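Q: A structural model of the following input is requested.
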Amino acid sequence: MWIDTHCHLDAAEFGGEQAQVQAATAAAQQGVDWIVIPAVERANFATVATLAAQLPNCTYALGIHPLYVPQAEEADLQALRTAIAAAMADPRFVAIGEIGLDFFVPGMDSGPLREKQEHFYVEQLKMARDFDLPVLLHVRRSQDILLKHLRRIKVQGGIAHAFNGSFQQAEAFIGLGFRLGFGGAMTFTRALQIRRLAVQLPLAALVLETDAPDMSPAWLHPQPNQPQQIPRIGAVLAELRGMALPDLAQATAANARAALPRLAALA
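A: Residues are numbered from 1 along each chain as shown. Predicted structure coming up:
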């Protein structure tokens with residue numbers, strides 16, 4: 001009973017349709033009931049929807065990733081709204097994402113690119129509000145600005161993917177109805193802050209993710225990540241929290257369903 005709440009199964013690193021099927025099947029064999037595949041740009045809206053339709057343990061989200069905002073056009077936002085409206089009839093469609101802000105990449109944290117990122121983020125939050133959908137947030141070095149807009153534009157909640165902020169920022173996201181995604185970074189013993197958060201935060205706030213093919217766990221790095229790694233990543237979290245593995249699996253899966261009600265309706 002595991003759920004990978006964030007996996008870019010359509011990424012080129014998976015090597016095409018046959019490899020994607022193999023990755024999803026291998027995950028299912030390891031007990032991964034569901035995989036959420038977020039879109040990153042207009043060009044892959046249809047791709048993630050098709051993958052989710054073809055693979056029995058996959059769902060999808062639609063959104064424009066902040067790292068794809070520089071080349072995105074204003075028309076892409078209208079295309080996203082149209083795609084969301086159509087996808088509401090598809091039970092495998094579970095969220096708006098991946099959206100957010102990235103202030104880590106040089107040049108993205110100031111000037112016109114920052115303004116464009118914030119514009120795309122705000123417009124996508126409005127779509128989540130209008131369709132009453134949760135969001136999958138990219139939060140790299142941008143937590144406070146993300147939170148500022150979330151306080152102004154009320155959405156259903158969702159998941160702060162690959163959370164790496166402070167305890168106070170974590171509490172703020174939780175207070176706004178979000179769960180926090182933990183994955184491969186937590187498996188590195190030097191990731192002291194992330195591991196502290198994984199122990200100190202309420203269990204009800206935590207969900208698991210791979211971000212495959214990125215964010216490989218310690219035992220796989222530097223090879224590409226795979227959704228079948230979720231149970232082993234979960235085992236690290238269970239050990240850190242002093243929990244039995246089945247209890248951790250059940251709790252994090254329940255948290256994922258609570259964060260993504262349309263996913264819960266599938267189970």
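Q: from the chain's centre, how far out does the longest helix anywhere in the chain sit?
A: Determined from DSSP state H, the single longest helix within the chain is helix 111-131. How far helix 111-131 lies from its chain's middle: 17 Å, per Cα atoms, centre = their mean, to the nearest Å.
Q: what pairs with residue 178 across the strands?
A: residue 158 (DSSP bridges).
Q: hang on, isn't it packed against residue 155?
A: No - using Cβ atoms under 8 Å as the test, residue 178 is too far from residue 155 to be in contact (9.3 Å). In this view, the C-beta of every residue, glycine as well, is placed from N, C-alpha and C.
Q: who's more crowded, the two?
A: A side-by-side neighbour count of residue 178 and residue 155, using other Cβ atoms under 10 Å, places residue 178 first with 27 against 24.
Q: got a list of what the more buried one touches?
A: 137, 157, 158, 159, 160, 205, 259 (Cβ atoms under 8 Å, 6 or more residues apart in numbering).
Q: quick check: mean pLDDT of the longest helix of the chain?
A: The average pLDDT within helix 111-131 is 98.
Q: ok, residues contacting that helix?
A: 63-64, 66, 69-70, 72, 77, 80-81, 84-85, 88, 96, 99-103, 107-108, 133-135, 145-146, 149-150, 153-156, 158.
Q: just the buried residues from those residues, in PyMOL please.
A: Selection of buried members from the contacts of helix 111-131 for PyMOL, criterion 16 or more other Cβ atoms under 10 Å:
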select buried, resi 63+64+66+69+72+77+80+81+84+96+99+100+101+102+103+108+133+134+135+145+146+150+155+156+158
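Q: show me the contacts of helix 111-131 that map onto strands.
A: Among these, the members found in strands (DSSP state E) are 96, 99, 100, 135, 158.
Q: okay, those residues in a markdown table with pLDDT next?
A: Output for the ones in strands among the contacts of helix 111-131, formatted as a markdown table (pLDDT from 0 to 100):
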| residue | pLDDT |
| --- | --- |
| 96 | 98 |
| 99 | 98 |
| 100 | 98 |
| 135 | 98 |
| 158 | 98 |
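Q: residue 31: which of the residues you listed is nearest?
A: residue 158 (24.1 Å; Cβ to Cβ).
Q: quick one, what contacts the closest one?
A: Going by Cβ under 8 Å, 6+ apart, residue 158 touches 95-97, 128, 134-137, 177-179, 259-260.
Q: if we go to 10 Å?
A: Contact analysis of residue 158 by Cβ atoms under 10 Å, 6 or more residues apart in numbering lists 5, 61, 94-97, 99, 128, 133-137, 150, 173, 176-179, 181, 259-260.
Q: same deal with residue 48?
A: Residues near residue 48 by Cβ under 10 Å, 6+ apart: 8-10, 36-40, 58-63, 92-93.
Q: what's the answer for residue 247, then?
A: 203, 238, 241.
Q: tell me where the stretch 51-200 of the chain is predicted with low confidence.
A: Across the stretch 51-200 of the chain, nothing is flagged by pLDDT under 70.
Q: and residue 86, how many neighbours?
A: Residue 86, neighbours per other Cβ under 10 Å, totals 13.
Q: that one: what's it in contact with?
A: So residue 86 contacts 45, 49, 62, 93 (Cβ under 10 Å, 6+ apart).
Q: please convert the contacts of residue 178 to a markdown table, extending it with distance to residue 197.
A: As requested, these are exported to a markdown table (distance: Cβ to Cβ, whole Å):
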| residue | distance to residue 197 |
| --- | --- |
| 137 | 16 |
| 157 | 18 |
| 158 | 18 |
| 159 | 15 |
| 160 | 11 |
| 205 | 10 |
| 259 | 17 |
